[in-house]
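Asker: model the following, please.
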Amino acid sequence: MANMPYIAAIDAGIHQEMRRDPRVLYFGQNLATTENHEFVAAYGHDRVRVTPISETAEIGIAVGAALAGYRPVVELYMAEFMLVAMDQVLNEAPRFRYMSGGQVKVPLVLKAGYGFTCGWAGQHTGTLTALFAGVPGLKVAVPATAADAKGLMASAIRDDNPVVFLHHYLLTLEHGEVPDGEYLVPFGRAQVRRTGADVTIVGTGWMVARALTAAAALEAEGIHAEVIDPRTIAPLDLDTILGSVAKTGRVVLVDQATRHASVASIIAAEIAEHGFAHLKAPIVQVTAADTTIPYSEPLEASVLPDESRIVAAVKKVCAFGRRAP
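Answerer: Okay, the predicted model is just below:
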C-alpha cells in the first residue's frame, strides 16, 4: 500500500494500463507539450499526444481510435468542456456497439474534473453526473477515494464501452492508501463506507466524506447511520442500496448537483418504486439549490450541501412519525 494524493492515484491507474496494454493511448490539450512530460518520457509521442484546443476534435479523434482497436483516454480537465462536443459524447460513442449488434467496440475514457466550488462562480463548478448517467451505452464512474480513483480508472480503460470518469477537484490533493501493483475496482459495485441500523445515507464523490463526517456527529447523539458510496452511477448498484434501506427504513440522499438534475433524484425514484414497503419515513434529498453557483463565498456556501444539512435531514427522517412530547 502507498499513501498518495487522489490525483496521483488516477495517474497510477493510467500508468498501470499503459504498461500492460500497448493499445492504451493518452490524449489532451496540455499533454505531451515537452519531452519531460511524465507520460511522454514513459511511453513516447506515439501514445501520448497533445491535441488541438477543440473538444470536438479530441473526442472525435478518440472515438475513431477506439473504433480502430485502440483504448484512448482523453484528458478533458473540466466536465463542462464536454458540453461543446455532446454529439460525440451522447450520440456517437455510446451507440455504435448497440447499433452494430455488439460487433463494434468503443473502449474510450473521457476523464474530467467537476465541482470546483472554490470561488469559480458559474463556470467549472457544475456536477453533471446525472446528465451522463441517463445515456444508454455510456458508463459513469465517480470515485470518492484515492484507492477507487486508481481502481476505477483501470477498470474504465479495460471496459469495451465508453466511460465518463468524473473526478472531484476538491479531492485532488486528498491522500489515501492505494494498493500497489495491479488493482481494479469493478463497476456496478457500491461500497458501504460505514455500517449503521438507523438510517441510510447515500452520497457520491466529494459528498461521501461530508456524509461520513455527519455520520460521526450523529453517532455521538445515538443515531447510527449507514453510509453508502455507489462509486459508479452507471451502472448503479441498486441492490446494495435497497438492502441497506430494508435494514434501516430511512434514507437521506446527498448530492452536490442541483436538486432537479441530480443522481439523488434518480436513486430516490428507484427506492420509491422498489423499496417503498421498507420505508418508515419519506426520502429526503440534500442537494445544491437549483441555481448557478455564485462567486460570493457566503452565497456559495448557502447553495451547497454540507454536514449540518445532512445531520438535519437525518434527524428529520428519524423523528418522522414520533409523537411530540
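Asker: hey, let's count contacts and neighbours off CA atoms from now on
Answerer: Will do.
Asker: could I get the CA-only coordinates of the helix or strand harbouring F165 as PDB?
Answerer: For F165, the host element (DSSP states H and E) is strand 163-168. Output of strand 163-168 as PDB, limited to C-alpha atoms (Å, rounded to 0.1, in the frame of the first residue of the first chain):
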ATOM      1  CA  VAL A 163     -16.800   5.600 -19.800                       C
ATOM      2  CA  VAL A 164     -17.100   9.100 -18.400                       C
ATOM      3  CA  PHE A 165     -14.600   9.200 -15.500                       C
ATOM      4  CA  LEU A 166     -15.500  12.200 -13.200                       C
ATOM      5  CA  HIS A 167     -13.100  13.200 -10.500                       C
ATOM      6  CA  HIS A 168     -13.900  15.900  -8.000                       C
END
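Asker: so which residues of the stretch 201-325 of the chain form helices?
Answerer: With helices called from DSSP state H, counting those that start in this stretch, the stretch 201-325 of the chain shows them at 206-219, 238-248, 263-274, 297-303, 307-319.
Asker: put together TSV for those helices, with mean pLDDT and distance to A146 on each row.
Answerer: Shown next, in TSV, are the helices of the stretch 201-325 of the chain (pLDDT from 0 to 100; distance: least, Cα to Cα, whole Å):
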stretch	mean pLDDT	distance to A146
helix 206-219	97	12
helix 238-248	98	22
helix 263-274	97	22
helix 297-303	92	25
helix 307-319	97	21
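Asker: out of those helices, nearest to T127?
Answerer: Minimum separation from T127 across the helices of the stretch 201-325 of the chain (Cα to Cα) falls at helix 263-274, 9.6 Å.
Asker: coming back round to it: can you list the strands that the strand holding F165 pairs with?
Answerer: strand 109-114 (parallel), strand 139-141 (parallel) (DSSP bridges).
Asker: among these, which is the most enclosed?
Answerer: Among the strands paired with strand 163-168, strand 139-141 has the highest mean neighbour count (mean count of other Cα atoms under 10 Å), at a mean of 27.
Asker: contacts for that strand, please.
Answerer: Contacting residues not belonging to strand 139-141 are listed as 129, 132-133, 152, 156, 161-166, 187, 231-235 [Cα atoms under 8 Å, 6 or more residues apart in numbering].
Asker: so which of the residues you listed belong to strands?
Answerer: 163-166, 232-234 (DSSP state E).
Asker: redo those residues as CSV? Include neighbour count, pLDDT and distance to A32.
Answerer: Below are the ones in strands among the contacts of strand 139-141 laid out as CSV (neighbours: other Cα atoms under 10 Å; pLDDT from 0 to 100; distance: Cα to Cα, whole Å):
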residue, neighbour count, pLDDT, distance to A32
V163, 28, 98, 23
V164, 25, 98, 22
F165, 26, 98, 21
L166, 27, 97, 22
T232, 25, 98, 30
I233, 26, 97, 31
A234, 24, 97, 31
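Asker: farthest-apart pair in the residues you listed, please.
Answerer: Top of the distance list for the ones in strands among the contacts of strand 139-141 (Cα to Cα): L166 and A234, 11.9 Å.
Asker: tally of neighbours for A257?
Answerer: 26 (other Cα atoms under 10 Å).
Asker: am I right that it is in contact with A288?
Answerer: Yes - the criterion here is Cα atoms under 8 Å, and A257 meets it with A288 at 5.5 Å.
Asker: all strands of the stretch 51-200 of the chain, in order?
Answerer: 71-78, 109-114, 139-141, 163-168, 175-178, 191-194, 199-203 (DSSP state E, counting those that start in this stretch).
Asker: okay, the angle between the second one and strand 71-78?
Answerer: In this case it means strand 109-114. 20 degrees (axes from the mean of the first three to the mean of the last three Cα atoms, to 10 degrees).
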